[in-house]
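*Asks:* A structural model of the following input is requested.
(2 chains)
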Amino acid sequence: MFRYILNKLVLIVPTLVGITICAFGFVRLLPGDPILALAGEHGVSAERYEVLKVQFGFDRPIWEQYFRYVWNVLHGDFGISIATHRPVIGEFLTLFPATIELSLFAMLFAVVVGIPVGIFAAVKRGTWPDQMLMGTALVGYSMPIFWWGLLLIILFSGMLHWTPVSGRIDVQFFFKPVTGLMLIDSLLSGQKGAFQSAFSHLVLPTIVLGTIPLAVLARQTRSAMLEVMGEDYVRTARAKGLKARRVVGLHALRNALIPVVTTIGLQVGVLLAGAILTETIFAWPGIGKWMVDSIFKRDYVVVQSGLLLIALIVMAVNLLVDLLYAVINPRIRAQ
Amino acid sequence: MNLMKTLLTAAALAAMLGGSAYAKTLVYCSEASPANFDPGTTTGGNDFDASSRTIYSRLVEFKHGGTEVEPGLAESWDISADGLTYTFHLRAGVKFQSTDYFKPTRDLNADDVIFSFMRQQDDKSPWFTYLPNLSYDYYVGMDMPKYTKSWEKVDDLTVKLTLTEPNAPMLANLGMDFASIMSKEYADQLAASGNLADLASKPIGTGPFQFLDYQLDSTIRYAAFPDFYRGKEKIDSLIFSITPDATTRMQKVIAGECDVMPYPNPADVPALKANADLVVLQQAGLNIGYMSYNTTQAPFDKAEVRHALNMAIDRDALIKALFQEAGAEPAQNLIPPTMWSWNSAVNFDAYDPEAAKKILADNGVTSIELWASDRVRPYNPNFARAAELIQADWSKVGVTATITTEEWTKYREDGKKKDRPGAFQIGWTGDNGDPDNFFATLFSCSAIGVSNYSSWCNESFENDIQKAKTTSDMAERTKLYEDAQVVFAAEAPAFLLAHSQVYAVTSKKVVGYQMDPLGIHRFDGVDKTE
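*Replies:* Reported below is the predicted structural model:
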């Protein structure tokens, strides 16, 4: 087990190096220039441009800029945003709880709905409910998030008035964030109706962000279930005369969950990618929206450090899933 | 302890809102997060809406809904005969906002004015670099360092600005966002405590609203400033709900989650107009979309060719295709008709493909490079579509246009090069309502390589605009700019497209909200009925 964890940890180092190179390189490959983006409609004179270039350190050789960036990151300095002049890490930590809250709910939604749907489809394999559910899952998987989000807003907020359009809580509620998680903060605030408002704001973005992971989980659960249901031990369980519910729920599902857990881990990356669009549509103040804004402003510092921080989180979650995998699958531990 | 402190602050802030739900609150769905709250350090319209137009005031102000300058913190001013000295007489008893982070002990005086400008001018001042990688871009962009010789305190309520050379648009410059007046007392307090950066995050001004709280990328809260020198606002609190997507903003205003929204999608305007609960406001923007011919490069070095290219474009069809339901006003001159000195006698080249074809054939013009970018601008919502339509029009007169498309920042960088080939689509949104801000910025000889994309330097035009810059006699300035427009029309350094319509949507409950030709969103004087 210790060796297993060590192996996983060692693998993180080259991955991190790769990510710093990608994050640093890609943002510089983007056409455009942060100084010109900052200058707005006016533009800057050639002399002023040179002054600003030196001020921002963009005059130095690219490798020097890279090593300086890595050196600073290793010392916990993720840089200062070019556009807002604020430390990147501060902005990240302020905005990240909003993304966590949304992603957690989206994942919860995907798991709570996706896994039962997958089990049901596997049990009913080949029947019309199976085909209908898997067809719907395929549609869900292919759904463009932007379009899906706007569609739900127009229907549920604009026409039916069931949910609020965007944001995290109604503007009439006003309290300083304590945890950054709006559901908890709204409860702590003690303001009447705040929790309900925060919850109702979560509904649509959760559905939009959770749709793709839900579809993936439903399909993955179904195929994993089908695989284990053909195994000898399941046949034996049935032959013993166990009830169908016990065979499926205990003998089949526990083994089918192993690949599903891995899939959940992999979906964290998908969630953070989806958060970029979901947060933009729903004016959700998280790191996805922050990254989009920074890309438009060519804020190199925010984009490269933001990417690195997001990558770190995805890696941490994947490591956790790998460990969980070892916990639920004794064969891994034995290796 | 921290938790306790946070909860107490929250309670205090909530109390300041005055019973929250019962107070008169106006919600504005803004389009982007402000970079910070120091208008000297930012350049975006959304930055100014959140800082200079809410929290701060200036020596002079633009009339609500217009571009004329009116008294602000200065109740009057004298300009010396040589145009070099401006003496401002400050209003007495103007209060700075009092918050939990600053309690002013004195009223506005000349020191505040001098501080507000010199911090942007004096590179020895700690305020010149008080934020990491700071640059005062608007101050530099409006040539303030070049024109400012000195700011002097005559007495507490009199301050004198001396210029290095006469510059008539200076008064309009002083109404701009970067010229917002800050509290020197507050700045000194921050400097003493070593918290200089708070100037940009915990603002103190003399404007109609005082800052309460900013939740990053989400919500900005203001309360009406009770001691505002023009009287307390009718709304008690103002909230900016940051909503970047135009469709989401529209749904919010329909659902009543916000009272005012800027920049609806043009395609949504008819639906919004049809909604009985909403009011759609529209105005010709203080902008111009145009296409610069590089007059130093053949075949654009001949005015005849430039006119012929203009005549070959079916401009009305182009405007209709580009602006669709939103509409736009075909430009006759570089400046929009809402601006003083607009010359009604000047007409832009009429569509005449037959005549154009002959001139172009005579001059042997067969191919042209045509530039487009990916960015949506108020004065041109789709450069690429415009390029395709112009390409089609020109092909009808025997000219093959090759379209070059680049990303916005690189596009402008390449476009301003003196030896850039071809016709370059671009535009401008005015800063201060002064014609100089269009003519000199876009077509003066000194703007070549910066923002004169036509590399056009015409002696007669240059004489007019430079002379207009140095005289403060309005009648004479008007005459000079009118003449400059005649020269411009005769020389045709550019194809003039249109002045776009700018839209804002408000709930029917909102009273007194006015569109602003400068493109800013102001909430002073606005009320809301229940």
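*Asks:* helix/strand/coil for the residue nearest to residue B:32 when sequence neighbours are not counted?
*Replies:* In space, residue B:32 comes closest to residue B:46 once its chain neighbours are excluded; the distance is 4.3 Å by Cβ to Cβ, 6 or more residues apart in numbering or on different chains. From N, CA and C alone the C-beta is placed, and that goes for glycine too. Following DSSP: H, G, I helix; E, B strand; the rest coil, we place residue B:46 in the helix state.
*Asks:* who touches residue B:46 in this structure?
*Replies:* Applying Cβ atoms under 8 Å, 6 or more residues apart in numbering or on different chains, we find residue B:46 in contact with B:30, B:31, B:32, B:33, B:34.
*Asks:* ok, 6 Å please
*Replies:* Counting by Cβ atoms under 6 Å, 6 or more residues apart in numbering or on different chains, residue B:46 makes contact with B:30, B:31, B:32.
*Asks:* repeat for residue A:260
*Replies:* With Cβ under 6 Å, 6+ apart, residue A:260 has these contacts: A:220, A:221, A:224.
*Asks:* what is the burial count for the last one?
*Replies:* What it means is residue A:224. For residue A:224, the neighbour count with other Cβ atoms under 10 Å in any protein chain shown is 22.
*Asks:* now it: how far from residue A:246?
*Replies:* Plainly put, residue A:224 is 18 Å away from residue A:246 if you go by Cβ to Cβ, to the nearest Å.
*Asks:* next, name the residue at the spatial heart of chain B.
*Replies:* Note on chain B: the residue nearest the mean C-alpha position is residue B:431, at 3.9 Å, using Cα atoms, centre = their mean.
*Asks:* are we agreed that that residue is in a strand?
*Replies:* No: Residue B:431 is assigned coil when assessed by three-state DSSP, not a strand.
*Asks:* tell me the pLDDT at it?
*Replies:* With respect to pLDDT, residue B:431 scores 81.
*Asks:* surely it touches residue B:438?
*Replies:* No: assessed by Cβ atoms under 6 Å, residue B:431 is found out of contact with residue B:438, at 9.6 Å.
*Asks:* now the common contact residues for those two.
*Replies:* Counting by Cβ under 6 Å, 6+ apart, residue B:431 and residue B:438 have no common neighbour.
*Asks:* follow-up on the earlier one: how near is the residue nearest to residue B:32 to chain A?
*Replies:* In this view, residue B:46 and chain A are 11 Å apart by Cβ to the nearest Cβ, to the nearest Å.
*Asks:* what's the answer for residue B:92, then?
*Replies:* Using Cβ to the nearest Cβ, residue B:92 is found at 35 Å from chain A.
*Asks:* how about that residue: what's its closest non-neighbour residue?
*Replies:* residue B:157 (5.9 Å).
*Asks:* distance check, that neighbour against residue B:150.
*Replies:* Distance, residue B:157 to residue B:150, by Cβ to Cβ: 18 Å.
*Asks:* more crowded one of the two?
*Replies:* Neighbours per residue, other Cβ under 10 Å: of residue B:157 and residue B:150, the larger number sits with residue B:157, 19 against 13.
*Asks:* please verify my assumption that the more buried one contacts residue B:88.
*Replies:* No: using Cβ under 6 Å, residue B:157 makes no contact with residue B:88, being 9.1 Å away.
*Asks:* want to try CSV for the contacts of residue A:260, with distance to chain B, pLDDT and secondary structure as columns?
*Replies:* Shown next, in CSV, are those (distance: Cβ to the nearest Cβ, whole Å; pLDDT from 0 to 100; DSSP: H, G, I helix; E, B strand; the rest coil):
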residue, distance to chain B, pLDDT, secondary structure
A:220, 32, 92, helix
A:221, 33, 93, helix
A:224, 38, 91, helix
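*Asks:* ok, the residues you listed vs residue B:330, which is closest?
*Replies:* Distance ranking of these against residue B:330, using Cβ to Cβ, places residue A:220 first at 58.5 Å.
*Asks:* hmm, the closest one is touching residue A:263, no?
*Replies:* Yes: at 4.7 Å, residue A:220 counts as touching residue A:263 under the criterion of Cβ under 6 Å.
*Asks:* ok, the two, which is more surrounded?
*Replies:* Ranked by neighbour count (other Cβ under 10 Å), residue A:220 and residue A:263 place residue A:220 first, with 23 against 20.
*Asks:* now do the contacts for the more buried one.
*Replies:* A:260, A:263.
*Asks:* chain center to stretch B:443-451: distance?
*Replies:* In terms of Cα atoms, centre = their mean, to the nearest Å, the centre of stretch B:443-451 is set 19 Å apart from its chain centre.
*Asks:* quick one: is it near chain A?
*Replies:* Yes: part of stretch B:443-451 sits near chain A under the criterion Cβ under 6 Å from any Cβ of the partner chain, namely B:450, B:451.
*Asks:* per-residue confidence for the nearest residue to residue A:15 once chain neighbours are set aside?
*Replies:* Spatial nearest neighbour of residue A:15, excluding adjacent residues (Cβ to Cβ, 6+ apart): residue A:315 at 6.4 Å. Listed pLDDT for residue A:315 reads 86.
*Asks:* give me the helices and strands touching the helix or strand where residue A:315 lies, please.
*Replies:* Using DSSP states H and E, residue A:315 falls within helix A:300-328. Secondary-structure packing of helix A:300-328 (3 or more Cβ pairs under 6 Å, 6 or more residues apart in numbering or on different chains; DSSP states H and E): helix A:2-29, helix A:88-123, helix A:253-281, helix A:287-296.
*Asks:* tell me the most buried of the ones you listed?
*Replies:* Using mean count of other Cβ atoms under 10 Å in any protein chain shown, the stretch among those with the largest mean neighbour count is helix A:287-296, at a mean of 23.
*Asks:* what angle do that helix and helix A:253-281 make?
*Replies:* Angle of helix A:287-296 versus helix A:253-281, following axes from the mean of the first three to the mean of the last three Cα atoms, to 10 degrees, is 50 degrees.
*Asks:* helix A:287-296: how far from the chain's middle?
*Replies:* Mean C-alpha position of helix A:287-296 versus that of the full chain (Cα atoms, centre = their mean) differs by 14 Å.
*Asks:* residues in contact with the closest residue to chain B within the stretch 201-335 of chain A?
*Replies:* Closest residue of the stretch 201-335 of chain A to chain B, Cβ to the nearest Cβ: residue A:285 (3.8 Å). Neighbouring residues of residue A:285 by Cβ under 6 Å, 6+ apart: A:95, A:98, B:217, B:218.
*Asks:* repeat that for residue B:371.
*Replies:* Counting by Cβ under 6 Å, 6+ apart, residue B:371 touches B:404, B:424, B:425.
*Asks:* how near is the closest residue to residue A:161 other than its chain neighbours to residue B:265?
*Replies:* Of all residues not flanking residue A:161 in the chain, residue B:255 sits nearest, at 6.6 Å (Cβ to Cβ, 6+ apart). According to Cβ to Cβ, residue B:255 stands 17 Å off from residue B:265.
*Asks:* same deal with residue A:108?
*Replies:* From residue A:108 across to residue B:265, the span is 34 Å (Cβ to Cβ).
*Asks:* could you do residue A:74 as well?
*Replies:* Distance from residue A:74 to residue B:265, by Cβ to Cβ: 45 Å.
*Asks:* neighbour count winner among these two?
*Replies:* Under the criterion of other Cβ under 10 Å, the comparison of residue A:74 against residue B:265 puts residue B:265 first, with 17 against 9.
*Asks:* which pLDDT value belongs to that one?
*Replies:* pLDDT, read off for residue B:265, is 84.
*Asks:* and if you look at the one 3 residues further on?
*Replies:* With respect to pLDDT, residue B:268 has a value of 89.
*Asks:* ok, the closest residue to it other than its chain neighbours - how many residues close by?
*Replies:* The spatial neighbour of residue B:268 that comes closest, neighbours along the chain excluded (Cβ to Cβ, 6+ apart), is residue B:250 at 5.4 Å. When neighbours are counted by other Cβ under 10 Å, residue B:250 registers 28.
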